[in-house]
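[1] Fold the following.
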Amino acid sequence: GNFDDNMKDIANYDWVIEVVVERLDIKQLIYNEVEKYRKPGTLITSNTSGIPIHLMAEGRSEDFKKHFCGTHFFNPPRYLRLLEIIPTPYTDQEVIDFLMHYGDLHLGKTTVLCKDTPAFIANRIG
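    Model prediction:
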């Protein structure tokens, strides 16, 4: 798929993971489009590792903010087990709890809760 022809398809999805270039302006453009087509309650997460997550939530609707956080999968995700969950001050606690549990139980990841500091845990330690 592509952003022009297939963005409307996210209306059928329960979780959208944004993985575009590490530029806030481009991510904001994508989120403008995502917000047009997502259904209320759809989880929206970013796999960024270098941009504060709370900055990406700015200007979004209340429902988007409640269902938005960072989910940083380490590359290559197929082999590396770490999954960082990075909430914003707006992220609903139920969303955080769900992602922590889902990452561990269904994705087989070591799921850790992180503060919203660029590079999060592993990149900063590494």
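[2] From the chain's centroid, how far away is the strand or helix carrying D104?
    D104 belongs to helix 93-105 when assigned by DSSP states H and E. Relative to its parent chain, helix 93-105 has a centroid offset of 12 Å by Cα atoms, centre = their mean, to the nearest Å.
[3] Same question for stretch 56-76.
    4 Å.
[4] how about it: buried residues?
    Buried residues in stretch 56-76, counted by 16 or more other Cβ atoms under 10 Å: 56-57, 60, 63-74. Placement of C-beta: from N, CA and C, glycine included.
[5] D92: which of the residues you listed is nearest?
    Nearest to D92, judged by Cβ to Cβ, of the buried residues of stretch 56-76 is K66 at 4.4 Å.
[6] wouldn't that closest one be in contact with T91 here?
    Yes. K66 is in contact with T91 according to Cβ atoms under 8 Å; the separation is 6.8 Å.
[7] residue contacts, the residue lying closest to D92 once chain neighbours are set aside?
    Spatial nearest neighbour of D92, excluding adjacent residues (Cβ to Cβ, 6 or more residues apart in numbering): K66 at 4.4 Å. Counting by Cβ atoms under 8 Å, 6 or more residues apart in numbering, K66 touches 90-92, 95.
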